[in-house]
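*Asks:* this is a predicted model, with the sequence first.
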Amino acid sequence: MENSSRPKISVISPVYKAERIVDELVLRLSAELKKISENFEILLVEDCGPDNSWQKIVENCARDKRVKGIKLSRNFGQHYAVSAGMQLANGEVIVIMDCDLQDDPSHIHELYAAYTQQKVDVVYTKRKNRKSSFIKYLSSKVYNLLFSVFSDKNYDLDVGTMILFSARVKDEFNKLKDKDRLYIQLIKWVGFSSTSITVEHNERYEGRSSYTISKLLLLALQGWTSHSDKLLRLSVYTGFFLSFCTFLTGLIVAFLYFYKGFQPGWPSLFLAILFSTGLILMSIGIVGIYIGKIFEQVKERPLFILDQKINI
């Protein structure tokens, strides 16, 4: 197939605190995309960071019209920035990748080869030799384990954030109005035929990740509760289990009282009250999380708001 006859490729990259990376990102992406097709676009979605990333995007847009700049009105978050890019991308093949260059743009060629040769709609990446701290690696494993427990789907969770898919996957994704925008999981939910390739995970090109432990915990909670109601069911099961245990304990205490004059002490009673109260509050908290999600969803606010667009 001739280079010029290949479909248009759209690359979406959310940008946050990456002013020293943008130039290198565009340079590498352009070089790799030209090997596949001259018909491409690079959508850089600036998530209203505190640095000069937007100015760098503006400069790159001026040099090449195939570079598109999108600036959000405030910091909405990585997954909402991706959703903004998805709304504006018009390629027949879409690629999403982070801006930190931990996933090398050269992998786009491998993704595209798998896409065309295996005739699938989605190509995921699996990272090998992850360049992450031990704490982040451990938290990722714990998250994946808990997600598999709390989710109603059997998802392959060991995938990277770099992904390639067809326009019809993008169209179906754009129909989803979920406030929880974990894009990898939403693309998995959409379905269609898929495959995966293994890629090398590089060191971050510059700077440090903007994801703190607290942000990762909030993201994890969002993932666990947006794909299943198992947490709610778990609180019901726990309540039944404790009620059953309490009933048996009551029978034992009654037996000991009438036959041996057993008198339960205040410490055991106090601990029992604290334990049961903690479980009640936990169950109420779980219900509150789901009610909060309903509250956010029914307000029907836009997922994101655009401030500026360049070359679009």
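*Replies:* Looks like it arrived, so ask away.

*Asks:* quick check: nearest residue in space to Ala18, chain neighbours excluded?
*Replies:* Cys99 (4.8 Å; C-beta to C-beta, 6 or more residues apart in numbering). Bear in mind the C-beta positions are built from the backbone N, C-alpha and C, glycine included.

*Asks:* the helix or strand where Thr277 lies - what's its average pLDDT?
*Replies:* Using DSSP states H and E, Thr277 sits within helix 266-298. Across helix 266-298, the average pLDDT comes to 71.

*Asks:* and whatever helix or strand comes next after that helix, what does it pack onto?
*Replies:* As assigned by DSSP H and E, the chain's next helix or strand after helix 266-298 is strand 306-310. Contacts defined by 3 or more C-beta pairs under 8 Å, 6 or more residues apart in numbering; DSSP states H and E place strand 306-310 against helix 53-63, strand 67-72.

*Asks:* export those to a markdown table and tack on distance to Pro7, mean neighbour count and mean pLDDT?
*Replies:* A markdown table is the format used below for these (distance: least, C-beta to C-beta, whole Å; neighbours: other C-beta atoms under 10 Å; pLDDT from 0 to 100):
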| stretch | distance to Pro7 | mean neighbour count | mean pLDDT |
| --- | --- | --- | --- |
| helix 53-63 | 23 | 19 | 92 |
| strand 67-72 | 17 | 24 | 93 |
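
*Asks:* can you redo these as CSV with distance to Glu24?
*Replies:* Formatted as CSV, the helices and strands packed on strand 306-310 follow (distance: least, C-beta to C-beta, whole Å):
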stretch, distance to Glu24
helix 53-63, 10
strand 67-72, 13
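
*Asks:* contacting residues around Ala114?
*Replies:* With contact set as C-beta atoms under 8 Å, 6 or more residues apart in numbering, Ala114 has these partners: 120, 123, 195, 197.

*Asks:* quick one: the strands in this protein, in order.
*Replies:* For the chain, the strands defined by DSSP state E cover 9-15, 40-46, 67-72, 93-96, 122-128, 163-166, 194-200, 306-310.

*Asks:* and of those strands, who's closest to Cys245?
*Replies:* When the strands of the chain are compared by C-beta to C-beta, strand 122-128 sits nearest Cys245, at 43.1 Å.

*Asks:* just checking: what are the partner strands of that closest one?
*Replies:* The strands that strand 122-128 pairs with in its sheet are strand 163-166 (antiparallel), strand 194-200 (parallel) (by DSSP bridges).
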